[in-house]
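A.B. asks: sequence and predicted model, in that order:
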Amino acid sequence: MENHNYFSPSYSDASSGQYALPSNAAMFVASSTSSSSPSLSRPDYAKTPMDYANVLQQIMNISTQSLDEAQSRKQALNSHSMKPALYQVLMEIKDRTALALRNTQEEEPPDPQIVRLDNMLIAEGVAGPEKAGSAAANAMVAAGVSASSRASPGSDFGSPIEHSEYRNKLAQIRQIYQTELEKYEQACSEFTNHVLNLLNEQGRTRPISPKEIERMVNIIHKKFSSIQMQLKQSTCEAVMILRSRFLDARRKRRNFSKTATEVLNEYFYSHLSNPYPSEEAKEELARKCGITVSQISNWFGNKRIRYKKNIGKAQEEANM
DNA sequence: CTACATGATTGAGT
DNA sequence: ACTCAATCATGTAG
């Protein structure tokens, strides 16, 4: 109850000092003691230039005060019975003004870009649940289909090596991605905690509403998620490069088996007058050779053009 | 390593 | 949708 009168002795070292309080401190005293001490309830502390001079003088004097004295004053102020109520009011005002303005353009939930990257990483088996190899295999099949028509998985000799190599690299990327992600998350929560502590600390000397804190946390998370997006972006790129390195059939071309070429050549030369197999014939050949229909089409396309070229060359030579 | 063979891709033409 | 022609990128024989 005698909290409020502790302001007066030290601040009134000049002449008429008992009103010369910092403005908020004055409000404090005024609101809590309006009836008991009428002189304090009047906000006339800044009525004359002299009062301003007083305030300034007192501010200047702060540096000469002893630490203990300042501490004890701080404590007294903090434990003032009206402080929570005052802070409550200030917080509400803050929420209604500044924060309300900025709240309007928040809440734009998941960034489509990051969703896209997430989906891709999950599809590639980099993010999401580990499926012990099958993820990589699935990714391979998917890649094959999307890249264009690919060979049937079973008949490709040499592919087991590719698979395991691809899996290894993918696992490596996955590993890096996850440790990095963990690091970011840790840093994020560390930083968030730090800020929360700071805000809690400051909450004792200035009004900070829970909403404000929440907003701050949101901002932090947004910043960190933009960093995460970069990580995801580069991981996606790495996967893409890996994919093109190992899955692009053009890069890892395998010659067809000897028997397959024999079968194809046999068909070609026995239908030399019209080397255009029908859809059914292609399917038949594909079955016999253990390759896909589109590979058959490729082969015949290449064969026709190259046969023609060879014939032309041979005739040129014959003419000479 | 070079030169040629070969499967796949691309773009134009129909 | 299919073919042709050119081209790419690898496989392989010398």
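C.D. replies: Arrived safely, thanks for sending. Computed from a predicted model, the values in this text were never measured in an experiment.
A.B. asks: quick one, phi psi at residue A:127?
C.D. replies: Residue A:127 adopts backbone torsions of phi -100, psi 180, taken as degrees, to the nearest 10.
A.B. asks: next one: residue A:275
C.D. replies: Residue torsions, per degrees, to the nearest 10, at residue A:275 are phi -80, psi 50.
A.B. asks: once you drop chain neighbours, what's closest to it?
C.D. replies: residue A:268 (5.3 Å; C-beta to C-beta, 6 or more residues apart in numbering). To be clear about C-beta, it is placed using only N, CA and C from the backbone, and glycine gets the same treatment.
A.B. asks: ok, now residue A:261?
C.D. replies: Per C-beta to C-beta, 6+ apart, closest to residue A:261 is residue A:255, 7.8 Å.
A.B. asks: neighbours of residue A:290, how many?
C.D. replies: By the criterion of other C-beta atoms under 10 Å, residue A:290 has 18 neighbours.
A.B. asks: quick one: the residue nearest to residue A:261 from residue A:83, how far?
C.D. replies: Between residue A:255 and residue A:83 the distance, using C-beta to C-beta, to the nearest Å, works out to 84 Å.
A.B. asks: what is the neighbour count of the residue nearest to residue A:261?
C.D. replies: Using other C-beta under 10 Å, residue A:255 has 9 other residues around it.
A.B. asks: which element is it on?
C.D. replies: According to DSSP states H and E, residue A:255 maps onto no helix or strand at all.
A.B. asks: ok so, going back, so the residue nearest to residue A:275 sits against residue A:302, correct?
C.D. replies: No. Applying C-beta atoms under 8 Å as the test, residue A:268 and residue A:302 come out as separate, 10.7 Å apart.
A.B. asks: which of these two has more neighbours?
C.D. replies: Taking neighbours as other C-beta under 10 Å, residue A:268 and residue A:302 compare with residue A:268 leading, 16 against 10.
A.B. asks: how about the helix or strand containing residue A:312: buried residues?
C.D. replies: In the assignment (DSSP H and E), residue A:312 maps to helix A:293-319. Applying a neighbour-count criterion of 16 or more other C-beta atoms under 10 Å, one finds A:293, A:295-297, A:299-300, A:303 buried in helix A:293-319.
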